[in-house]
Each structure stands twice: as C-alpha cells, then as structure tokens.
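Asks: Compute the structure for the input listed below.
(one chain, ligands or ions: 1)
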Amino acid sequence: MAKFVIKLEREKCIGCGSCAAVCPVNWELKDDGKAMPINTELEDLGCNQTAVEICPARCIHIQPAP
Ligand code: SF4
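Replies: Sure, this is the predicted structure:
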C-alpha cells in the first residue's frame, strides 16, 4: 500500500540530472532530456526526499497517497 505519491511538473524540469544523481534507484533522465520517476507510488520516501530538496526547478512534489 503506497503512502506517498510523486507528482512531477515535467514541463518545468530543466534536465539537470540532480534527482538521478542523488536518487538513482527511482529517478532517471529520459531521451528528451527530462527526468522521470521510475515509481510514482512509494511506501517510503527514502532518497526521493533528497531529490525534492535538491531539484533547482522545484518541480518534484511528494504528496500523501489518497
Ligand atoms: S532535479 Fe529537477 S530539474 Fe533536475 S532533472 Fe530532476 S526533476 Fe528535472
């Protein structure tokens, strides 16, 4: 049962790769140069919280699961 959901405002992503650098287990850059989470439903935040904090575009959001 997921406790958190990742919301990515992908249009704001500048493709810096920071999320993938700090949280490679769940973040990758796609061929268009923008990030994508591998899993959007999480049981634990883990390094995803670091990705939120390090993202210079502030486009990664984590919300409680509905
Ligand atoms: S850290 Fe933010 S701006 Fe940089 S690639 Fe990841 S989502 Fe995009």
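
Asks: which SS state does residue 39 fall under?
Replies: At residue 39 the chain is in coil, as set by DSSP: H, G, I helix; E, B strand; the rest coil.

Asks: Hmm, I typed the wrong one, I wanted residue 52.
Replies: Quick answer, by three-state DSSP: residue 52 is helix.

Asks: Could you give the number of residues near the nearest residue to it once chain neighbours are set aside?
Replies: Nearest residue to residue 52, sequence neighbours excluded (Cβ to Cβ, 6 or more residues apart in numbering): residue 60, at 4.8 Å. Using the backbone N, CA and C atoms, a C-beta is placed for each residue, glycine as well. Residue 60 has 25 neighbouring residues, counting by other Cβ atoms under 10 Å.

Asks: surely residue 60 meets residue 51?
Replies: Yes - in this structure residue 60 lies within contact range of residue 51 using Cβ atoms under 8 Å: 5.6 Å.

Asks: shared neighbours of those two, which are they?
Replies: Residues touching both residue 60 and residue 51 by Cβ atoms under 8 Å, 6 or more residues apart in numbering: residue 19.

Asks: Just want the phi and psi numbers for the residue nearest to residue 52.
Replies: When read as degrees, to the nearest 10, the backbone of residue 60 gives phi -100, psi 130.

Asks: for it, what are its contacts?
Replies: 6-9, 19, 35, 48, 51-52.

Asks: same question, residue 38
Replies: So residue 38 contacts 25-28 (Cβ under 8 Å, 6+ apart).

Asks: now those residues: which count as buried?
Replies: For these, a neighbour count by 16 or more other Cβ atoms under 10 Å gives the buried set as 26-27.

Asks: which one among the contacts of residue 38 gets closest to the ligand?
Replies: Nearest to the ligand among the contacts of residue 38 is residue 27, at 6.4 Å by Cβ to the nearest ligand atom.
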